[in-house]
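> Below are the sequence and a predicted model; questions follow.
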Amino acid sequence: FCNIVAKKDAMITSANAQNGTLQVKEGDVIKAGSILVAGWLEGKYTGTRYVHANGKVIGKVWYSEKEQIYYKQKNRANTGNMEKKYSICINNFAINLYKKLSKFEIYDTICEEKKLKISSNFYLPFKVIVKQNNEIMEEEKVYSKEEAIKIGTDNAKERLNSKIKESNGDIVNEYVNTNESEDYIEIEVIYEVLENIGTEEKIALWKDEENGRKKP
């Protein structure tokens, strides 16, 4: 025996039950965990009869994401220039074969260790460490209000689309709110989505010794 319960907060837009007793109607605002279709039927002569509830309840659900975009930003880009520096490590003691300072002002470093061998299963008792420095160029970019809103909206929508992908819902409305400060603008994107919000939940029964019945 089971109920159909709400997976999330929603406003009911349509509800029907093929088996069980409907507990909600169009326009109801419900919380996650609320019973939508109860797993029992009431009969004049049979009393309460427990069943495997079956039904479809569509609800309007709201998803939102926020993004802050600063008007002034430092963008980083790889110039394509790189340098390699080598070290030999013997028993955790490193011998550097290069000058410590890099010729680049700003750079990212990738380290790689290489063990040397003279046969398929015999390694020499030291290893070579290769440091590769990739030059980075930083430039300041100043965005207009319109550019910042577009960037923030696109980023928020990307996360929202990932959220609702598994729900198989239909987006019926989209809202964009903004809150501006001196240094940045905050963008909030809200999706209004119609989706099937029901999921099955087992009914645990206990025996009523006095009346000889099982009850939830």
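Done, it's in.
> Quick check: chain neighbours aside, which residue is closest to the spatially most central residue of the chain?
With distances taken as Cα atoms, centre = their mean, the residue of the chain nearest its centroid is Lys163 (5.9 Å). With sequence-adjacent residues excluded and distances taken as Cβ to Cβ, 6 or more residues apart in numbering, Lys163 is closest to Tyr63, at 5.5 Å. (Each C-beta comes from the backbone N, C-alpha and C, glycine too.)
> I'd say that neighbour and Tyr191 touch.
Yes - between Tyr63 and Tyr191 there is a contact at 4.6 Å, judged by Cβ atoms under 8 Å.
> Tell me the confidence at the residue nearest to Lys163?
Here the pLDDT value assigned to Tyr63 is 95.
> Then Lys85?
pLDDT, Lys85: 89.
> so it bridges to which residues?
Judged by DSSP bridges, the bridge partners of Lys85 are Lys131.
> List the contacts of it.
By Cβ atoms under 8 Å, 6 or more residues apart in numbering, the contact set of Lys85 is Asn96, Leu97, Tyr98, Ser102, Val130, Lys131, Gln132, Asn133.
> same deal with Val29?
Asp9, Ala10, Met11, Ile12.
> ok, these vs Ile197, which is closest?
The shortest approach to Ile197 among those belongs to Ala10, at 5.0 Å (Cβ to Cβ).
> Neighbours of that closest one, how many?
25 (other Cβ atoms under 10 Å).
> so what's it closest to, chain neighbours aside?
Spatial nearest neighbour of Ala10, chain neighbours left out: Gly59 (3.0 Å); criterion: Cβ to Cβ, 6+ apart.
> The residue nearest to Lys163: which element?
With elements delineated by DSSP states H and E, Tyr63 resides in strand 54-70, which encompasses its position.
> Can you spell out which helices and strands pack onto that strand?
Contact here means 3 or more Cβ pairs under 8 Å, 6 or more residues apart in numbering; DSSP states H and E; on that basis strand 54-70 packs against strand 2-6, strand 10-19, strand 35-38, helix 145-164, strand 184-196, strand 198-202.
> you'd agree Tyr70 is up against Tyr184?
Yes - counting by Cβ under 8 Å, Tyr70 sits close enough to Tyr184 to count as a contact (4.4 Å).
> and those two? which has more neighbours close in?
When Tyr70 is set against Tyr184 and neighbours are counted by other Cβ under 10 Å, the residue ahead is Tyr184, at 18 against 14.
> how near is that one to Gly169?
The gap separating Tyr184 from Gly169 is 31 Å, by Cβ to Cβ, to the nearest Å.
> Look at the residue lying closest to Ile118 once chain neighbours are set aside and tell me its secondary structure.
Computed as Cβ to Cβ, 6+ apart, the closest residue to Ile118 that is not its neighbour in sequence is Leu124, at 6.6 Å. Three-state assignment for Leu124 (DSSP: H, G, I helix; E, B strand; the rest coil): strand.
> Could you give the number of residues near Leu124?
Number of residues near Leu124 (other Cβ under 10 Å) recorded here: 11.
> likewise the one 3 residues further on?
Other residues near Lys127 number 15, with proximity taken as other Cβ under 10 Å.
> which of the residues in the helix or strand where it lies are buried?
Under the criterion DSSP H and E, the helix or strand holding Lys127 is strand 122-142. Burial within strand 122-142, assessed by neighbour count using 16 or more other Cβ atoms under 10 Å, is assigned to Ile129, Lys131, Asn133, Asn134, Glu135.
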